[in-house]
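Visitor: have a look at this prediction, sequence included:
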Amino acid sequence: MKLGAAIRRHTAAIRAMLVFTVILGIAYPLLMTGIAQLVFKDKANGSLLKDASGTVVASSVLCQQYVDKHGEAIPGYFQARPSAASDSSNPNDPGCNYAFSGGSNRGTGDPTLKQTISGRIAAYAKAYNVDAAKVPEDAVTASGSGMDPGISVENADYQAPLVAKARGMDLTAVHKLIKDNTHNRPLGFLGAEYVNVVTLNLALDKAHPVAATG
Amino acid sequence: MSDTWAGVLQVVALVLLLAVSYRPLGDYMAHLLTTRKHLRAEKALYKTMGADPEADQTWGVYLRSVLAISAVGVLLLYGLLRVQHHLMMALGMPKMQADLAYNTAASFVTNTNWQNYYGENTLGYVAQATGLAVQNFVSASVGIAVVATLIRGFTRSKTDRLGNFWVDLTRIIVRLMLPLSIVFAIVLMAGGVVQSLGDHMTVVHTINGDQRLYTGATASQEVIKELGTNGGGIFDGNSSHPFENPNGFTNLIEIYLLLVIAFALPRTFGKMVGSHKQGYTIVSVMAVIWLGSLAFATFAETHHHGVNLVTGHAGLEGKESRFGIPASALFMTSTTLTSTGAVNSTHDSYTPFGGGAAMFNMMLGEIAPGGTGSGLYGMLILAVVTVFIAGLMVGRTPEYLGKKIRPTEMKYAALYILTTPAIVLVFAGIAMALPGETARMTNSGPHGFSEVLYAFTSMGNNNGSAFAGLGGDTTWWNTAGALAMMFGRFLPMVWVLALAGSLARQKPVPESSGTLKTASPLFAGMLLGTVLLVVGLTYFPALSLGPLAEGLH
């Protein structure tokens, strides 16, 4: 009697899980994917951007590190925030690796983090000729996702002269592109304002290509 | 607009959204948990399951049904993760290791969603959608079913029958979780969350070289991940990843989703016990704790002089530029005060006091407002304890909602309160005593201890957020974690259902002049005091070794 009830209960549980798997695990996501592909195709597929030749070169919402093989900044490009999203088995991985999203997970009192950030501050101050005390926070800290395509307006403004110089562009033209790629807070108060580095650099490439270097 | 004003307006907007939802959603949930009418679709489901929807169950049978579906859930999910390489859209990912699959299965069935793996390079699209997302629905619904049963313990008299688990579960899924998920998945997709089962081989020729794009059924899982206070992300970056949470708008919607059911359940409670004031009393205590904790965390994160020795602050480590500090602290507070555990910033990189607040929030037992269902039953247990303490002070037999709080009821309430801290502290203690396991910490010193304490607080309370510096994918951590999560989920449920059974058997006592008014600001204040006292006394020593030691250093 007792055993029979237990068997009946577990049979019901198995049947329930199977039927819920069909409804919630198959029908529901397929329905949503159908709607997404019909109505929000571009965003739903990752906001992919193509260059002039039609090659997919970026997702507008995922960062890229504009650095060469040695980790040196490529002149003429705005630099994204530091990224902890890298393949730990590859020491040359500059970050923004789509397969390894995540942050540094270092505590704010951690000596390693302190050292890393001090190094980044010195490098930024030197590269853009900025007083170390004014180095923008976002330029020296890694984001939580390691995929952050945004930098602060302040950070973009400091980088602008060097970018303009490397591309032989007018500084005001660069500032205009920064403005075009600045995202205000949704509804005026949600989240924070930021400049999308990925779309900004693509816009620069389109407006005034940087001379190809090895 | 200044950052401060934007941050304040964001909170105001969220509170307004929650306030507007309180009555309609709470009343709707009360309706679906009490109506005698079955939908035609539900009748078909009962037939498929082979369950009799008219059978009224005792608390023991109800509990065994909860355990049966959970056991089946663990086995099914474990199996799925072990054979995922044979499934469609596996993207060439191998099967999961046995101990990791066991940990993950326990994690998703217990509504914890602790993740010892990188989503985007471990799981194919089908394993995510048919395995993890399904448990996101079911485990959240089980929580609501259990609290419905506890409320019935107060409303029913001289009976041992408390409802039918299969009916409760089916209705919560069919009438609540699924429709809300469909609506808000569309909202999130409009906001830019990805939803594509397209080929993983899509190559993006980035400036760093070619990269493969992982998308998946993200919006459809993201919505139930928040709505069901689950928290397990498709991506390792969780809700900080731009594919899951692309902008300030989706961020607010996700925070709203992870709070809305838990904040509306006190209305359901008030409606079912026939006094909306009882609901308001409970929800006011939840709201006060939530707002207080939010203010504290935001202050800690914005007034910090820790890392960036030159500019004086570095609160942006682990945070996204498109959210900024206020929206990150808002998410962090909400996710740790519910049992969600989704993150839009890495908690490990919060300031000592900010990270300590996250831990304290979970130690409160996640009752403000808590997980779907589990938050309200946790708070009701504390209300029982409060009534009892008040009764001791004036020397009267305590009563709550017309039911006497006798030694039997107190025994279950005390067991409930002791279970989770015991799990957290015992497991954290064992981990610290094993030198090989403490080596898994990324950070050293008090912050390293915080990582371990955070891990077991998170798992024991079924939160699932992490100080992710802890490298938890080892046999010991996977096994110990799975045990902590299952004890932390099901033992409290045993005490809650047993309490419900014992309350329902009583006959109601009429209210007299000596009865403590439990729908009053005075009682709300006493309840708040009890909550803080119980948690403070339990966890103070452990907290002082971790975040307090670090923050005062």
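Guide: Cool, the structure landed. Values in this document were obtained by computation on a predicted structure and should not be read as measured data.

Visitor: use CA for all of it now, contacts and neighbours both
Guide: Noted.

Visitor: CA atoms of stretch B:204-218 as CSV?
Guide: C-alpha atoms of stretch B:204-218 as CSV (Å, rounded to 0.1, in the frame of the first residue of the first chain):
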residue,chain,number,x,y,z
VAL,B,204,33.3,37.6,-36.1
HIS,B,205,36.5,38.8,-37.6
THR,B,206,37.4,41.2,-34.8
ILE,B,207,40.6,43.2,-34.6
ASN,B,208,41.9,40.6,-32.0
GLY,B,209,41.4,37.8,-34.5
ASP,B,210,38.4,35.5,-35.3
GLN,B,211,35.9,34.8,-32.5
ARG,B,212,33.0,32.6,-32.4
LEU,B,213,29.7,34.0,-31.3
TYR,B,214,27.6,32.3,-28.6
THR,B,215,24.0,33.4,-28.4
GLY,B,216,21.4,30.8,-27.5
ALA,B,217,17.9,31.0,-26.2
THR,B,218,19.0,33.8,-23.9
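
Visitor: buried set for it?
Guide: Using 16 or more other CA atoms under 10 Å in any protein chain shown as the burial criterion, the residues of stretch B:204-218 that qualify are B:204-206, B:208, B:211-218.

Visitor: can that stretch be said to contact chain A?
Guide: Yes. For a cut-off given as CA under 8 Å from any CA of the partner chain, stretch B:204-218 has contacts with chain A, namely B:204-208, B:211-215, B:217.

Visitor: for that stretch, which outside residues touch it?
Guide: The set of residues external to stretch B:204-218 that reach it, using CA atoms under 8 Å, 6 or more residues apart in numbering or on different chains, is A:29, A:33, A:45-46, A:55-59, A:64-68, A:94, A:97-99, B:120, B:125, B:128-129, B:193-198, B:200-203, B:234, B:243-244.

Visitor: quick one: contacts for residue A:130?
Guide: A:124, A:158.

Visitor: find me the pLDDT at it, would you?
Guide: The score at residue A:130 is 94. That number is its pLDDT.

Visitor: now residue B:468
Guide: According to the predicted model, the pLDDT of residue B:468 comes to 68.

Visitor: now do residue B:547
Guide: Listed pLDDT for residue B:547 reads 82.

Visitor: how about residue B:354?
Guide: 88.

Visitor: residue A:210 - how many residues pack around it?
Guide: One way to gauge burial is a neighbour count; for residue A:210, by other CA atoms under 10 Å in any protein chain shown, it gives 18.

Visitor: which residues sit in contact with the nearest residue to it once chain neighbours are set aside?
Guide: Nearest-residue entry for residue A:210: residue A:167, 5.4 Å, with adjacent residues in sequence omitted and distances by CA to CA, 6 or more residues apart in numbering or on different chains. For residue A:167, the contact set (CA under 8 Å, 6+ apart) comprises A:76, A:208-211.

Visitor: from the residues you listed, which land in helices?
Guide: Under the assignment DSSP state H, these contribute nothing to helices.

Visitor: mark which of the residues you listed are buried, thanks.
Guide: If you count burial by 16+ other CA under 10 Å, the buried members of the contacts of residue A:167 come out as A:76, A:210.

Visitor: for residue A:130, give its distance to residue B:436.
Guide: Using CA to CA, to the nearest Å, one gets 46 Å for the distance from residue A:130 to residue B:436.

Visitor: residue A:71: neighbouring residues, count only.
Guide: Neighbour count of residue A:71, defined by other CA under 10 Å: 12.

Visitor: try residue A:180
Guide: Applying other CA under 10 Å, we find 14 other residues in the vicinity of residue A:180.

Visitor: cool, and residue A:16?
Guide: Burial measure for residue A:16: 24 neighbouring residues, criterion other CA under 10 Å.

Visitor: please tabulate the buried residues of stretch B:204-218 in a markdown table, including the columns pLDDT and secondary structure.
Guide: Listed next are the buried residues of stretch B:204-218 as a markdown table, based on pLDDT from 0 to 100; DSSP: H, G, I helix; E, B strand; the rest coil:
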| residue | pLDDT | secondary structure |
| --- | --- | --- |
| B:204 | 86 | strand |
| B:205 | 89 | strand |
| B:206 | 87 | strand |
| B:208 | 79 | coil |
| B:211 | 90 | strand |
| B:212 | 89 | strand |
| B:213 | 90 | coil |
| B:214 | 92 | coil |
| B:215 | 92 | coil |
| B:216 | 92 | strand |
| B:217 | 95 | coil |
| B:218 | 97 | helix |
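
Visitor: dump the residue contacts of the residue in the stretch 351-500 of chain B that chain A sits nearest to.
Guide: Using CA to the nearest CA, residue B:469 is the residue of the stretch 351-500 of chain B that sits closest to chain A, at 5.0 Å. The neighbourhood of residue B:469, defined by CA under 8 Å, 6+ apart, consists of A:104-106, B:348, B:441-443, B:451.
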